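J.: sequence first, then the predicted structure:
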Amino acid sequence: MNQSTAHTNFQSSTLDGFQPEAVKVPGLTQSSLEVPSLARNLRKRIDILKYKQGMPCLWVVFLGGTGTGKSTLFNALCGAALSETGVERPKTYGPILYAPKGCPVEKNFPLPGTELCKQTCEGGGLKAAAGAAGRLVILEHARSEFSHLVLVDTPDLDSIEIENRQTAEDLFLLSDAVIFVTSQEKYADEVPHRFLLRVLQGERPFFVLFNKAEEKMGEELSQAKDRLWIVPYVPADPLQAILRDPSFLRFKSHVEEELASSRVERLRAKLLSERAREIHERASRLHTLLEEEKREAEAWRTGLRQRCDGICARFIKEQEESFSQKSREFIQKEIRKLFSKYDVLAKPRQIFREILLTPLRFIGVLREQDHRESLLKVRQRIDLTPVQTAIEQFNSAVLKELSPKDHRSPLFESMRRPGVALTVEEIRSLVFQEQERLEHWLENQFETLSQGIPWAKKWGIYSTSILWGVLIIAFEIVVGGGFSILDAALDSAIAPFVTKGAMELFAYHEIQKVARELSRRYQEGLLSVMKEQEKRYRACLDSLLTGEELLKQLSAAR
């Protein structure tokens, strides 16, 4: 196996499973719009390379703009009216193949969605075909002079039908040699002219047929003058006239000589190597673009994290400056409820409370508190406005500062999809979930505290614990409060009955630790809502990035 063949097989096997649908970009770079078409083109070229490895015949493809006489010249080279011609434009709606019988045109055909329609040219009576979009007409023959060639007539390069233009492009990729047909009227047209430049700069053998060229031709045609043949315009019965034209006969002789059967294998090997090189270039280009997107994505994540951290820091500062009283009420009620589980004075305290509060209720100063109020009802009174405001500020900053400017970018659309921005209901649910976790955590902490304490010590320890817990919470009352001065006074009234021993002091320090941890967890619970919003934006980005395994495949094929 020579080096070029080995290189060809390596490229084919390395990217054999490549799927363009797996190539994704968020659209953070200017070149990102190139990626989808580049990925599809790469897959197509891989399929074409595999197809050409099993194709023994050379494909000679006629290309040209509308009205250049392309089909007439195709018929002339084939020696029969196979492709329909006429003054209507266009005449060729789909590709016409003139192929030797037995040529495996259909085997592993690399253009999915193309219908292959085979007919035989033997026996005469064959009507000229115009072709059809999405259909490839294969006309089989048994002529020995063309036994190694597949001649192809194509739709116009400048067709108004997108599918026709794409078919011409695909057949150019399948070609091993190109016969480019132009005319005085069409030579300067942008689309055919741009395609001609591609033909001139490529590695395929090419031949240019020019109708009625002036003496002063374009620079590109001057460069190709040794491969240029001028065919006169004949208004009546052009096929027969062209078959007798000396210039066309010289052209035909040159094609037969350059594409002789003795040269097929060497030319095939050269073109297979060239196709592998083109795959290499496109895989390398695609890998480069995807790596650029990957780097920009990492910078985007950093920007997202910085904005989230900034909003969170500001949110906590504002909360420290202005506590939410209703949120504090919930925490304080839960603390009191949990302490009461271990307080042997709970009943006496309730009696003292009732004795003290009854006169006040009687005169209407205080309403009777409902100790059976459900936890859900308490939570529904929590003020979610600060959290909602912080989320709105974060969303506004992200969409303004991190969204791609190009509205066509996938990330631009993804960031604005329904379900990305947290709704008021979702914020409420997340906050309540965090409150539930906080409640369970407090339960576990006090359960742990109660373990291993002698029963004889429980009265003093837990009365002292309640007392010092109330004193800690009293500081919160000063800065925004949670439970009444009357409650604090009631606890103070019991103070003379509390024994202050070493175990009570130990309990007090443990409660301090719990209180500090409670504060930290409470803040983290609120910030977790912000982190959830950040997570959703991160998911928008991550879903639009190409997987690492595919990046490795592209890197290996470079």
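T.: Arrived safely. Numbers count the residues shown, from 1 in each chain.
J.: would you map out the domains in the protein?
T.: Here the domain parsing of the chain from automatic domain parsing is 59-259, 293-556.
J.: how long is the shortest one from one end to the other?
T.: From the first residue to the last, domain 59-259 extends over 10 Å; the measure is Cα to Cα, to the nearest Å.
J.: so for that domain, mean pLDDT?
T.: Domain 59-259 shows a mean pLDDT of 83.
J.: may I have the distance across stretch 408-425, first residue to last?
T.: For stretch 408-425, the end-to-end distance is 31 Å (Cα to Cα).
J.: and that stretch, what's buried?
T.: For stretch 408-425, a neighbour-count test (16 or more other Cβ atoms under 10 Å) marks 409-412, 414-415, 420-422 as buried. (Each C-beta comes from the backbone N, C-alpha and C, glycine too.)
J.: send over the helix or strand in which residue 396 is found as PDB, restricted to the C-alpha atoms.
T.: Per DSSP states H and E: residue 396 is located in helix 385-401. Output in PDB follows, covering the C-alpha atoms of helix 385-401 (Å, rounded to 0.1, in the frame of the first residue of the first chain):
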ATOM      1  CA  THR A 385     -39.700  40.000  47.000                       C
ATOM      2  CA  PRO A 386     -36.000  40.300  47.800                       C
ATOM      3  CA  VAL A 387     -35.200  37.000  46.200                       C
ATOM      4  CA  GLN A 388     -37.400  37.700  43.200                       C
ATOM      5  CA  THR A 389     -35.700  41.100  42.800                       C
ATOM      6  CA  ALA A 390     -32.300  39.500  42.900                       C
ATOM      7  CA  ILE A 391     -33.200  36.900  40.300                       C
ATOM      8  CA  GLU A 392     -34.600  39.600  38.000                       C
ATOM      9  CA  GLN A 393     -31.400  41.600  38.400                       C
ATOM     10  CA  PHE A 394     -29.300  38.600  37.600                       C
ATOM     11  CA  ASN A 395     -31.400  37.700  34.500                       C
ATOM     12  CA  SER A 396     -31.200  41.200  33.200                       C
ATOM     13  CA  ALA A 397     -27.500  41.300  33.600                       C
ATOM     14  CA  VAL A 398     -27.000  37.900  31.900                       C
ATOM     15  CA  LEU A 399     -29.200  38.700  28.900                       C
ATOM     16  CA  LYS A 400     -27.700  42.100  28.400                       C
ATOM     17  CA  GLU A 401     -24.000  41.300  28.900                       C
END
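J.: and that helix, what's buried?
T.: Buried, per 16+ other Cβ under 10 Å, within helix 385-401: 387-388, 390-391, 393-395, 397-398.
J.: now stretch 19-29
T.: Buried, per 16+ other Cβ under 10 Å, within stretch 19-29: 20, 23-29.
J.: tell me the two of those that are most distant?
T.: 20 and 28 (19.6 Å; Cβ to Cβ).
J.: all helices for the stretch 251-400 of the chain, in order.
T.: Ranges of helices within the stretch 251-400 of the chain are 264-321, 325-340, 346-362, 375-379, 385-401, based on DSSP state H, counting those that start in this stretch.
J.: which stretch in these has the least confidence?
T.: Among the helices of the stretch 251-400 of the chain, helix 346-362 scores lowest, with a mean of 43.
J.: for residue 260, phi and psi?
T.: The phi/psi pair for residue 260 (degrees, to the nearest 10) reads phi -60, psi 150.
J.: and it, how many neighbours?
T.: Here the number of neighbours of residue 260 (other Cβ atoms under 10 Å) works out to 13.
J.: hmm, back to that, restricted to helices, list the buried residues of stretch 408-425.
T.: 410-412, 414-415 (DSSP state H).
J.: angle of the helix holding residue 396 against helix 264-321?
T.: 150 degrees (axes from the mean of the first three to the mean of the last three Cα atoms, to 10 degrees).
J.: so which elements touch helix 385-401?
T.: Applying 3 or more Cβ pairs under 8 Å, 6 or more residues apart in numbering; DSSP states H and E, one finds that helix 385-401 contacts helix 264-321, helix 424-450, helix 502-542.
J.: to residue 200, which of these lies closest?
T.: helix 264-321 (15.2 Å).
J.: give me phi/psi at residue 110?
T.: Residue torsions, per degrees, to the nearest 10, at residue 110 are phi -90, psi 0.
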